[in-house]
Each structure stands twice: as structure tokens, then as C-alpha cells.
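# sequence and predicted structure are below.
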Amino acid sequence: RIEPALTVVKEAEEQEEEHSSLRDLVELAAAAALTGIAYLLPAEIRETVWVLAYLVVGYPIIWAALRGVRRGNVFNENTLMSIATFGALILHNHLEAIAVMFFYRIGEFIEHLAVQRSQRSIAALSELWPETANLLKDGKIQEVKPEQLQVGDLIIIKPGERVPTDALILEGYSTVNTAA
């Protein structure tokens with residue numbers, strides 16, 4: 001539980017690991033451009049440009065793998081991706097190494113966008129939660145926070161209000177919008 005007056009600050013490492021969507025797109029575009037340009041270059045420098053493209057697209061994964069190994073987490077997806085693509089580079093399958101990292105990064109990018117969208121949706125839903133409930137006590141209506149309600153309390157829900165808690169209708173009739 002987080003107290004209302006407190007602010008949660010992410011640790012430096014967590015902030016470091018957050019993706020910058022624009023940076024990711026620039027890195028992916030740069031790697032794709034370098035890979036394509038390499039075909040136009042003489043064979044003796046083509047492999048060097050492909051290695052450069054690999055480093056552009058792969059460095060976040062390689063860096064995350066090194067951090068994981070340093071923390072004792074050797075067998076994680078970043079380490080396995082790095083080992084596999086290093087193997088492809090050693091075997092002079094540069095395009096395979098670039099493609100594996102490229103598609104992996106695209107997958108991470110899409111996953112990041114999906115997580116952001118889910119977080120925004122959850123935040124939007126939490127804003128729909130009513131801040132007060134109309135508690136009927138001793139024949140009088142009192143406005144209270146929904147967290148203060150107890151099992152067995154009677155509440156009044158007026159037309160157009162949001163339902164502040166799970167409830168049974170004991171008297172009257174109406175329709176309730178349950179879209180949220």
C-alpha cells in the first residue's frame with residue numbers, strides 16, 4: 001500500500017532499462033539502412049558494415065546480457081540471444097545475426113507498446129472509481145469513502161452515479177452501465 005503523500009521513484013537501474021520508443025525506432029532504422037547499404041559496398045568492407053549494423057541493433061541486448069551475467073543471471077533471454085548471434089557472426093552469417101537481433105528488438109518494441117497501452121487503460125479505469133459512497137445510516141445519508149464501507153452497510157446509488165462497491169439491489173429498480 002502506498003500512502004497518498006508518498007511518491008514512488010524507480011531505481012536508477014529500472015529507469016536505465018526503460019525503452020525510449022524513438023531511440024528504438026532510430027536504432028532499428030539505422031541497422032536496416034546499414035545492412036542495405038552494405039550490399040552496395042565492395043566485398044572487403046561489406047562485413048565490417050554488417051558488424052556495425054549488428055552492433056547498432058544488438059548493443060542493448062548485449063549490454064543487458066552482460067548486466068545479467070554480472071548479477072549472476074547467466075541463462076536469460078538476452079544472454080542466449082547474444083550467444084546465438086555471436087555464433088552466427090563467428091560463422092560469417094552476419095545477415096542471420098542482424099536479422100535475429102532486428103526481429104527480437106521489433107518484438108520487444110511491440111511488447112513495450114502493448115504494456116504502455118495496458119498501463120494507460122488500467123490508469124483510465126482507476127480514474128472511473130467513485131471517490132465517495134452514499135451510506136445510509138440511522139435514516140440519514142452520509143458521504144463516505146468506499147474503503148470505509150463494511151459488509152452489510154446500506155448505500156444509496158442515485159441516477160447517474162457510479163456504483164462504489166459490489167452490492168445487491170434491495171429496493172427499487174434501474175439499469176447499470178457495466179461497460180467499465
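Received, thanks.

# now stretch 123-136: buried residues?
133-135 (16 or more other C-beta atoms under 10 Å). Any C-beta I mention is one placed from the backbone N, CA and C, and that applies to glycine too.

# pick the one among those residues closest to residue 117.
residue 133 (30.6 Å; C-beta to C-beta).

# in strands, which of the buried residues of stretch 123-136 fall?
133-135 (DSSP state E).

# any chance of these in a markdown table, plus pLDDT and distance to residue 146?
Conversion of those to a markdown table gives the following (pLDDT from 0 to 100; distance: C-beta to C-beta, whole Å):
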| residue | pLDDT | distance to residue 146 |
| --- | --- | --- |
| 133 | 91 | 5 |
| 134 | 92 | 11 |
| 135 | 93 | 10 |
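
# can I get the residues you listed in CSV with distance to residue 110?
CSV is the format used below for those (distance: C-beta to C-beta, whole Å):
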residue, distance to residue 110
133, 40
134, 45
135, 46
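
# quick one: the lengthiest helix in the chain to chain centroid distance?
Determined from DSSP state H, the single longest helix within the chain is helix 94-128. Once both centres are worked out by C-alpha atoms, centre = their mean, to the nearest Å, helix 94-128 turns out to sit 6 Å from its chain's centre.

# so the nearest residue to residue 162 once chain neighbours are set aside, which of the three states?
Once flanking residues are discounted, residue 162 sits nearest to residue 130: 4.2 Å by C-beta to C-beta, 6 or more residues apart in numbering. Counting by DSSP: H, G, I helix; E, B strand; the rest coil, the backbone at residue 130 sits in coil.

# what does the model give residue 130 for pLDDT?
pLDDT recorded at residue 130 is 85.

# residue contacts, it?
146, 161-164 (C-beta atoms under 8 Å, 6 or more residues apart in numbering).

# neighbour-wise, which of those leads?
Among the contacts of residue 130, residue 164 has the most neighbours (other C-beta atoms under 10 Å), with 20 neighbours.

# so that residue is in contact with residue 133, correct?
Yes: counting by C-beta atoms under 8 Å, residue 164 touches residue 133, with 3.9 Å between them.

# now the common contact residues for those two.
146, 149, 155.

# redo these as a markdown table? Include secondary structure.
Listed next are the shared contacts of residue 164 and residue 133 as a markdown table, based on three-state DSSP:
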| residue | secondary structure |
| --- | --- |
| 146 | helix |
| 149 | coil |
| 155 | strand |
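
# of all the residues you listed, which comes closest to residue 124?
residue 146 (18.3 Å).

# go ahead and confirm that closest one touches residue 132.
Yes: look at residue 146 against residue 132 with C-beta under 8 Å: they come within range, at 7.4 Å.

# can you pull out the helices in this structure?
Using DSSP H, helices in the chain cover 12-17, 21-38, 43-70, 77-90, 94-128.
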